[in-house]
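S.K.: I would like to see how this sequence folds:
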Amino acid sequence: MPRSEWLSSLFFFRNYLSPQLLSSYTGHFWSLSVEEHFYLIFPALLILAGRRARFIIPALALGFGIWRTLDMHYNLLNIQTIAPTQRTDRCADALLWACALAIWIRDERVKGFLERRLTFTVWLLLAGIYIFTWYHAPAMNGTIEGILVPVLILGTVLNPRNPVSRLFELRGPVWIGRVSYSLYLWQTILFAGRYYEPNVLQTFPLNAVVLLACACLSYYLLEKPMIAWGHRFSRPREHRESLIPLAPPVRERFSQSFTLGSERSQVRSQPRVTKNQEQRSEIGNQRSETGD
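M.R.: Residues are numbered from 1 along each chain as shown. You can find the predicted model right below:
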């Protein structure tokens, strides 16, 4: 592979290089580049938008869809890639529509409305529209697909009893979903079309078996431990005791000092009694005794 291919895959600009400079072994890194661009930009956008994000995000998604239609028709940027929709500026709306839906369903009224309306019959109708859009590619088909995909996924979540939701909850599909990222990373090497020797590993069914083995090793030995480490690292500081374990003597001294400090703070918080107040209280006691 050329150096440009390594660098573009490592620094996530693989989706903006000309196909003449690249091989097919890293062709799927275009989507990883799109995801990385999104992870870098969207959090800042969400912070700047604030409460108006529920309106700004859909407007941006619609704007990206219009831009894709104009750029594909007039070739405004004149950037040649493997596929016309692999550039981030041409496919960012697909991610933005899903984020907009995730923001809107935080409203209980919207969530309740979708729970009532996204019945199994409606879900099948939307799935049929998606299939029609996929094959016939009408105007703004990318925008239609970007809206329908998150709605279809949400329909299986809000109505877990419909047949499609039950199918997705079987052990096989659930496990495939867990290792799907690893499957995606390794699949192009083994399903590249026998471009380089040895091509025996790129022949079915051996390539499927090797792909499954590579995905399992990648998921259980790399991806899953890194996810666990990331969860521990992202916890608040008071919950990170497992990252910096203290020895027993140090822990005991720390607890003792904390107890002494709390006792001192309680003593300091009590009101001070001056000598004049003590004398007045003694005189008041003597008068009460003589009065008795």
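
S.K.: please make it C-alpha for all contacts and neighbour counts, starting now.
M.R.: Will do.

S.K.: give me the residues contacting stretch 57-75.
M.R.: Contact partners of stretch 57-75, identified using CA atoms under 8 Å, 6 or more residues apart in numbering, comprise 76-77, 84, 89-94, 96-97, 99-100, 140, 142-143.

S.K.: try 7 Å
M.R.: Asp89, Arg90, Ala92, Asp93, Leu96, Trp97, Ala100, Met140, Thr143 (CA atoms under 7 Å, 6 or more residues apart in numbering).

S.K.: okay, and Gly146 sits in which element?
M.R.: For Gly146, the host element (DSSP states H and E) is helix 141-158.

S.K.: in which helix or strand would I find the residue nearest to Pro150 when sequence neighbours are not counted?
M.R.: Here the nearest residue to Pro150 in space, its sequence neighbours aside, is Ala98; by CA to CA, 6 or more residues apart in numbering that works out to 5.3 Å. Secondary-structure element containing Ala98, defined by DSSP H and E: helix 88-104.

S.K.: helix or strand right after that helix?
M.R.: Past helix 88-104, the next helix or strand by DSSP H and E is helix 108-117.

S.K.: so where is the stretch 1-150 of the chain shaky, pLDDT-wise?
M.R.: 1, 19-23, 81-82 (pLDDT under 70).

S.K.: same thing but at 50, please
M.R.: In the predicted model of the stretch 1-150 of the chain, no residue satisfies pLDDT under 50.

S.K.: circling back to that earlier point, who are the packing partners of the helix holding Gly146?
M.R.: Secondary-structure packing of helix 141-158 (3 or more CA pairs under 7 Å, 6 or more residues apart in numbering; DSSP states H and E): helix 88-104, helix 120-136.

S.K.: just say which of the ones you listed is most tucked in.
M.R.: helix 88-104 (a mean of 20; mean count of other CA atoms under 10 Å).

S.K.: secondary structure class for Ser24?
M.R.: Ser24 falls in the coil class when you classify it by DSSP: H, G, I helix; E, B strand; the rest coil.

S.K.: nearest spatial neighbour of it, skipping sequence neighbours?
M.R.: Ala192 (6.4 Å).

S.K.: which SS class is that neighbour?
M.R.: Classified using three-state DSSP, Ala192 is coil.

S.K.: returning to what we had before: who touches the helix or strand following the helix holding Gly146?
M.R.: As assigned by DSSP H and E, the chain's next helix or strand after helix 141-158 is helix 163-168. Outside of helix 163-168, the residues within contact range by CA under 7 Å, 6+ apart are Thr156, Pro160, Val174.

S.K.: between the residues you listed, which has the most around it?
M.R.: Thr156 (22 neighbours; other CA atoms under 10 Å).
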